[in-house]
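Undergrad: Need a 3D model of the following:
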Amino acid sequence: MTRRLPCPPAPGPLEDYAVRFDDLFSAVGQRRGFREYLTGLLAPRDRNKTLTCLAGAEPVVGATHPAVQRLQFFLAESVWNPGKINTRRVALLQADPRTASHAAGVLVIDDSGDRKDGTATAHVGRQWLGRYGKTDSAVVTVSTLWADERLYYPLHARPYTPAHHFPKGKNDPGFRTKPQIAVDLARRARPAGVAFRAVAADCAYGDHDAFRGELAAAGLPFVMALRPHRGTWAYGPDARTPVDAARDLAWGGPDNPGNWTAVTRTFRDGRTALWWAAEARLGWWGPEGTIRLVVATTDPARLPENSSWYLATNLPRPGSARETDSPHPPADLAELVRIHGIRNWIEQGYKQVKDELGWADFQVRSDIAIRRHQTLVFCAFSFCWMHTPLTETPPGQEHPGSGHDRRERGFHSSPPAGAAVLAGDTARGPQLANPPGSCCNAAGTPGHRHPRPMTSKP
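TA: Numbers count the residues shown, from 1 in each chain. Just a heads-up that it's a prediction; the model follows:
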């Protein structure tokens, strides 16, 4: 066997991370490109992290610089498999006790788009961009993320290809809707060794009956948000919505809550907030049904739009007839509110990969090059977590009703009954939410203790 040529090392602890992927690259140029690309993504820059920026070259005129051309070849033409790189990345996260998933975590599904001009780029098309609040030419990617109260990282991603890219449009066998892509990604989690309590998503996915049905058919538990005015099939005045079902619930005030149960949301920074949750009935959905409709709000009398959740779940109610027949452990109201609250971490993750790691700054057009860029951004994100000291969860923030021994992760106590431990508010800037300290500076070398674990990094 030919001896592998040595590769110039990456700076500081990044080399220890990069070397774990070396066997997946067949040439020294690929191993060097992997290190150079990650170093560029992790280093702070004053401009978008395009290929010239990652290589430290001058914008526009620096496009012909040898370092830029080398990265361009590595991304677009060199022969290496981004799927294998991502599989190794996820396996490394699961092998580390500090970042390994556990049965109380949540698998979050969402999609996000970024503007891209022209028509020659793979997956580009006029699509709704929630970040900008408008429809524009863009590339949209569906992704999954694992999260608990202190940790979150992306798992899998796949760009959505609009129907006009296919010969037969939406009727083409190769066309996949975003919910169909999301189901495929969710199915990958457990074979990859990722444990979780339930799949969570916002109403853009929760309102799809077929999507929920496919998750259930795949044996996956879910807690999905619904639009308040999502109607059930009925004629005229008989049409019913989740908010109608919530208004039917008895409420006589905090001293006479009727159908409502008090739920204390405990945030990461120690703050608490009193919410109210209840089981509602809508069509065949109900406490004893295959699908439960749960409403959570700060004010059952007014059901304010900005602080009211309408959730559909296939997790059985404790003590119900379905509890013995369901393949999933039961979940009380506090647990369901906790699960949905953790969903917000994906928004924090999007801020970091977009604003700090250059997710949308790729200057390539092919499908394989886009997927490689996204995989490398995920590797940079995971490196930040794996080299950030993670402290124990503060006393009183154990997951209620998880039934999982978490002592190896530093959890030792339980909250009072009815408490729902949730991810705190997203950070004001692109940084780890409430991070314990720094492990690296921008170059990936050991640094001083600082409120942010890395300068301008996840």
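Undergrad: which strand is the longest one in the protein?
TA: The longest strand of the chain (DSSP state E) is strand 134-147.
Undergrad: can you tell me how far the residue nearest to the spatial centre of the chain sits from A186?
TA: Nearest to the geometric centre of the chain sits L145, at 2.8 Å (CA atoms, centre = their mean). Between L145 and A186 the computed distance is 11 Å (CB to CB, to the nearest Å). The way it works is simple: take the backbone N, C-alpha and C, and place the C-beta from them, glycine included.
Undergrad: Need the overlap of contacts for these two.
TA: Residues touching both L145 and A186 (CB atoms under 8 Å, 6 or more residues apart in numbering) are L107.
Undergrad: Show me what stretch 49-61 is in contact with.
TA: 36-37, 40-41, 45, 47, 62-63, 65, 67-68, 70-72, 75, 357-358, 361-363.
Undergrad: Please repeat the previous calculation with a cut-off of 10 Å.
TA: 36-43, 45-48, 62-72, 74-76, 356-364, 373, 376-377 (CB atoms under 10 Å, 6 or more residues apart in numbering).
Undergrad: Can you give me the buried ones in that stretch?
TA: For stretch 49-61, a neighbour-count test (16 or more other CB atoms under 10 Å) marks 49-55, 57 as buried.
Undergrad: Confidence-wise, which helix or strand of this structure is lowest on average?
TA: Least confident helix or strand, the chain: strand 419-421 with a mean of 43, by mean pLDDT, DSSP states H and E.
Undergrad: Do you have the helices of the protein handy? List them.
TA: 13-18, 28-42, 51-54, 66-76, 82-95, 178-189, 203-206, 209-217, 242-247, 333-342, 345-355, 367-386 (DSSP state H).
Undergrad: between those, which one is nearest to Y160?
TA: In terms of CB to CB, the element of the helices of the chain nearest to Y160 is helix 178-189, at 5.3 Å.
Undergrad: Output the contacting helices and strands for the closest one.
TA: Where contact means 3 or more CB pairs under 10 Å, 6 or more residues apart in numbering; DSSP states H and E, helix 178-189 is packed against helix 82-95, strand 106-115, strand 134-147, strand 152-159, strand 198-201, helix 203-206, helix 209-217.
Undergrad: As TSV, the ones you listed with distance to W345 and mean pLDDT would be great.
TA: Below are those laid out as TSV (distance: least, CB to CB, whole Å; pLDDT from 0 to 100):
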stretch	distance to W345	mean pLDDT
helix 82-95	15	97
strand 106-115	7	92
strand 134-147	4	92
strand 152-159	4	96
strand 198-201	10	97
helix 203-206	16	94
helix 209-217	20	95
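Undergrad: okay, those, which one's buried deepest?
TA: Most buried of the helices and strands packed on helix 178-189, by mean neighbour count (mean count of other CB atoms under 10 Å): strand 198-201, with a mean of 28.
Undergrad: Relative to it, what are the paired strands and their orientations?
TA: Counting by DSSP bridges, the strands paired with strand 198-201 are strand 106-115 (parallel), strand 222-225 (parallel).
Undergrad: Now do the same for the last one: mean pLDDT, whole number.
TA: Yep, that's strand 222-225 we're talking about. Mean pLDDT, strand 222-225: 97.
Undergrad: from the chain's centre, how far out does that strand sit?
TA: 14 Å (CA atoms, centre = their mean, to the nearest Å).
Undergrad: Can I get that strand in PDB, CA atoms only?
TA: Only the C-alpha atoms of strand 222-225 are listed here, as PDB (Å, rounded to 0.1, in the frame of the first residue of the first chain):
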ATOM      1  CA  PHE A 222     -44.300  14.000  17.000                       C
ATOM      2  CA  VAL A 223     -45.400  17.300  18.500                       C
ATOM      3  CA  MET A 224     -46.500  19.600  15.700                       C
ATOM      4  CA  ALA A 225     -47.700  23.200  15.800                       C
END
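Undergrad: Can you lay out the helices and strands packed on helix 178-189 as CSV showing distance to T297?
TA: Formatted as CSV, the helices and strands packed on helix 178-189 follow (distance: least, CB to CB, whole Å):
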stretch, distance to T297
helix 82-95, 35
strand 106-115, 21
strand 134-147, 23
strand 152-159, 25
strand 198-201, 18
helix 203-206, 15
helix 209-217, 22
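Undergrad: Those: which one's closest to D299?
TA: helix 203-206 (20.1 Å).
Undergrad: still on that earlier bit, sheet partners, orientation included, of the longest strand of the chain?
TA: Assessed with DSSP bridges, strand 134-147 is paired to strand 106-115 (antiparallel), strand 125-129 (antiparallel), strand 152-159 (antiparallel).
Undergrad: Please report the distance of the closest residue to V140 other than its chain neighbours from T375.
TA: Closest residue to V140 apart from its sequence neighbours, by CB to CB, 6 or more residues apart in numbering: G113 at 3.8 Å. Distance of G113 to T375, given as CB to CB: 18 Å.
Undergrad: for F166, same thing?
TA: 24 Å.
Undergrad: more crowded one of these two?
TA: T375 (22 against 15; other CB atoms under 10 Å).
Undergrad: Got the confidence number for the more buried one?
TA: With respect to pLDDT, T375 has a value of 97.
Undergrad: Please name the nearest non-neighbouring residue to it.
TA: P82 (4.0 Å).
Undergrad: so what's the one you found up against?
TA: Counting by CB under 10 Å, 6+ apart, P82 has contacts 24, 75, 368-376, 378-379.
Undergrad: Using JSON lines, lay out those together with distance to R240.
TA: Shown next, in JSON lines, are the contacts of P82 (distance: CB to CB, whole Å):
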{"residue": "L24", "distance to R240": "53"}
{"residue": "L75", "distance to R240": "51"}
{"residue": "I368", "distance to R240": "47"}
{"residue": "A369", "distance to R240": "48"}
{"residue": "I370", "distance to R240": "43"}
{"residue": "R371", "distance to R240": "43"}
{"residue": "R372", "distance to R240": "48"}
{"residue": "H373", "distance to R240": "46"}
{"residue": "Q374", "distance to R240": "41"}
{"residue": "T375", "distance to R240": "45"}
{"residue": "L376", "distance to R240": "48"}
{"residue": "F378", "distance to R240": "42"}
{"residue": "C379", "distance to R240": "47"}
